[in-house]
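Undergrad: Structural data only, the sequence is not supplied:
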């Protein structure tokens, strides 16, 4: 490294050391994170991950000098204000933790809507005044109702991927709608010769639960339908057997300890049904107690 | 209710539901057989489909099973 | 259901549900009276309070329906 | 329910539901095998399509439920 | 399902559900008695309260009736 | 359910569900692999269309009740 | 679903659902074991209470029957 200041050399060496001593190296984007929040996140990650901000050139250098295979590919994932994250935890878990620690933030003029921004219908805190016209000007349906400004319909004011204008950003903030998410964006993570990008790192926990349930249901279905005995299938098989036996006994009117009352009640209710038809034709055709 | 049970019994045994039969069944059951009522019953039953009336009782089928189990 | 209807008829007429009576009713209704089935019927009904059985089942039947209604 | 379970067992095993078989099964299960009840069971099942009866939901007391609805 | 009915039969007759008994009942019903399946059944039944399992059926059965009402 | 999951895993991986394979999978999962139960599993699955059996709801119990309602 | 089946197998066998074990099971089943997918599975399952998820399924099992009514 010719013509390189010694502090730079030291920083590259320290990055390299961190790369070597951790299983997982992530490339993150710290843009738009207010300093206090970044402090807080660093503290909460303290035991599990190290966040290192540095110059792009120095990080590139450290990555390209590392002996870890394919790790140099991380260079291509520097975005915004890049920082490196070092950890020994599973990169999917790292991604999950970082996503979970993101917080809502106000819209900024010129930023891109991460999802549809909807202004919900309902009361606002605004008293009638010029704000009504400002709301209407940016396309929010509003009117005065009982001395308050009320939004009359849910309104998608910025679609996902669209740029948020200055007027809308300021209005959203006044409405206390914070559509942005601020936090450490993990753009990519390296582990064991592979670079995983954020789209791969995303975990759909609901789908995982649904899959677990599906697997169990399938296993139970297979056990019951193929009559394979295990802890889970036997109760269901017992139920099915009992239902079938009860159906047979009740349909064939076989009196047993379990069907007796039901069969008697069946006879009684059938009698009532016939009696009700009969009394509908002629009330005198049935005795007093059956008259409705 | 005896009259109705008598009629249902005859119906299930595929016998005619007429005065004589209803009377015979009621008497066998030690029940008083009022002629006028028998006549009214038979007349009323002429327009009633017993099978259909019975079938309607199927609606809540499963509920009692719960209680009995 | 003949056997059951016969039993209910006797019950409603306040008569004993015994072999002789059930047989008499079934025969009056022109129904075959199978001795074994009569015996089984009587054995099954021996300890049963018919009124209670009907009431209990009916209540149970009504409950879920009522809840849903 | 022993008699019914015995019948279901025989039916599932593709065996005839007759007196001898029902008795044999009940005795193997250490259950009392009452001749009259066995006969009554067989008589009751005689006219029944067992497959159909098994699959069909039993019809029980519906009227009170309907009244409540 | 023979195995299940055999178990239910033994349960109702207050007999132990063990290999020997299950086998005896199955054989009385003219059914093949596979040792491995009997073992699996008995092992699975160890943690199962048969009465409770059966009672659950009834609960499930009751729900639709309520919904339909 | 270990045996079932092992079978499903093999099925999904397009592998034969035979003794050797089931045993291998169970042992890889640190589960005890009982030869008799493996044999019973394979025998039970022999005539079964696994895809169909997986999809068909096991809790058939309540279905007829629903249908009748 | 192989990955989920493998996880469920390990869970049922009371083994840790970790990379090594999942890989071992998948390979024993002759299935390709993609490291990234295994890692994703493990991270995803870390916050999932499998028993709870299963218990919810069991409750839901009764529901479709009701819904069918």
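TA: Yep, that arrived. Small disclaimer: the values here were computed from a predicted structure and weren't measured. Numbering: from 1, shown residues only, chains lettered A, B, ... in the order given.
Undergrad: List the beta-bridge partners for residue A:117.
TA: With DSSP bridges applied, residue A:117 shows beta-bridge pairing to residue A:158.
Undergrad: tally of neighbours for it?
TA: 21 (other CB atoms under 10 Å in any protein chain shown). C-beta: built from backbone N, CA, C; applies to glycine.
Undergrad: can you pull the pLDDT of it?
TA: Among the per-residue scores, residue A:117 shows a pLDDT of 90.
Undergrad: Could you pull up the residues touching it?
TA: Residue A:117 makes contact with A:107, A:156-158, A:164, A:172, A:177, A:179, according to CB atoms under 8 Å, 6 or more residues apart in numbering or on different chains.
Undergrad: Now with 6 Å, please.
TA: Residue A:117 sits next to A:157-158, A:179 when contact means CB atoms under 6 Å, 6 or more residues apart in numbering or on different chains.
Undergrad: now these as CSV including neighbour count?
TA: Shown next, in CSV, are the contacts of residue A:117 (neighbours: other CB atoms under 10 Å in any protein chain shown):
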residue, neighbour count
A:157, 22
A:158, 24
A:179, 23
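Undergrad: Backbone dihedrals for residue 24, both of them.
TA: Using chain A here. Main-chain dihedrals, residue A:24, degrees, to the nearest 10: phi -120, psi 130.
Undergrad: distance of residue B:1 from chain E?
TA: Residue B:1 sits at a distance of 25 Å from chain E (criterion: CB to the nearest CB, to the nearest Å).
Undergrad: How about that residue: what's its closest non-neighbour residue?
TA: Nearest non-adjacent residue to residue B:1, counting by CB to CB, 6 or more residues apart in numbering or on different chains: residue C:12, 4.9 Å away.
Undergrad: can I get the contacts of residue A:117 in JSON lines with pLDDT?
TA: Conversion of those to JSON lines gives the following (pLDDT from 0 to 100):
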{"residue": "A:157", "pLDDT": "89"}
{"residue": "A:158", "pLDDT": "91"}
{"residue": "A:179", "pLDDT": "88"}
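Undergrad: tell me which of those residues is nearest to chain B?
TA: Nearest to chain B among these: residue A:179, at 50.4 Å, using CB to the nearest CB.
Undergrad: Not counting sequence-adjacent ones, nearest residue to that closest one?
TA: Closest to residue A:179 by CB to CB, 6+ apart is residue A:117, at 4.5 Å.
Undergrad: Please give me every residue in contact with the residue nearest the centre of chain B.
TA: By CA atoms, centre = their mean, chain B has its centre lying nearest to residue B:8, at 2.9 Å. By CB under 6 Å, 6+ apart, residue B:8 lies in contact with residue C:5.
Undergrad: hang on, it in a helix?
TA: Yes. With DSSP: H, G, I helix; E, B strand; the rest coil as the criterion, residue B:8 is part of a helix.
Undergrad: In the stretch 51-200 of chain A, mark out all the helices, start to finish.
TA: All helices of the stretch 51-200 of chain A, identified by DSSP state H, counting those that start in this stretch, fall at A:56-65, A:91-100, A:131-137, A:166-174, A:198-201.
Undergrad: scratch that, chain B
TA: Secondary structure of chain B by DSSP state H: the helices cover B:2-12, B:19-28, B:35-45, B:50-56, B:63-68.
Undergrad: Now do the shortest one, average pLDDT.
TA: Same thing as helix B:63-68. The average pLDDT within helix B:63-68 is 36.
Undergrad: got it, and the fourth one?
TA: Per-residue pLDDT values over helix B:50-56 give a mean of 82.
Undergrad: What are the buried residues along that helix?
TA: Going by neighbour count (16 or more other CB atoms under 10 Å in any protein chain shown), the buried part of helix B:50-56 is B:50, B:53-54, B:56.
Undergrad: Over to stretch A:226-240?
TA: Buried positions in stretch A:226-240, judged by neighbour count with 16+ other CB under 10 Å: A:226-230, A:232-240.
Undergrad: Please produce TSV containing these, extended by distance to residue A:5, pLDDT and secondary structure.
TA: Formatted as TSV, the buried residues of stretch A:226-240 follow (distance: CB to CB, whole Å; pLDDT from 0 to 100; DSSP: H, G, I helix; E, B strand; the rest coil):
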residue	distance to residue A:5	pLDDT	secondary structure
A:226	73	91	coil
A:227	77	90	coil
A:228	71	91	coil
A:229	74	91	coil
A:230	69	90	coil
A:232	67	88	coil
A:233	71	90	helix
A:234	74	90	helix
A:235	73	88	helix
A:236	73	88	helix
A:237	77	90	helix
A:238	79	90	helix
A:239	77	87	helix
A:240	79	87	helix
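Undergrad: Out of those residues, flag the one nearest to residue A:77.
TA: Among those, residue A:232 lies closest to residue A:77 (CB to CB), at 45.5 Å.
Undergrad: so the closest one touches residue A:222, yeah?
TA: No. Taking contacts as CB atoms under 6 Å, residue A:232 lies outside contact range of residue A:222: 10.7 Å.
Undergrad: The closest residue to residue A:237 other than its chain neighbours and residue E:40, how far apart?
TA: Sequence neighbours aside, residue E:4 is the residue nearest to residue A:237 in space, at 4.9 Å (criterion: CB to CB, 6+ apart). From residue E:4 over to residue E:40 the distance is 12 Å, taken as CB to CB, to the nearest Å.
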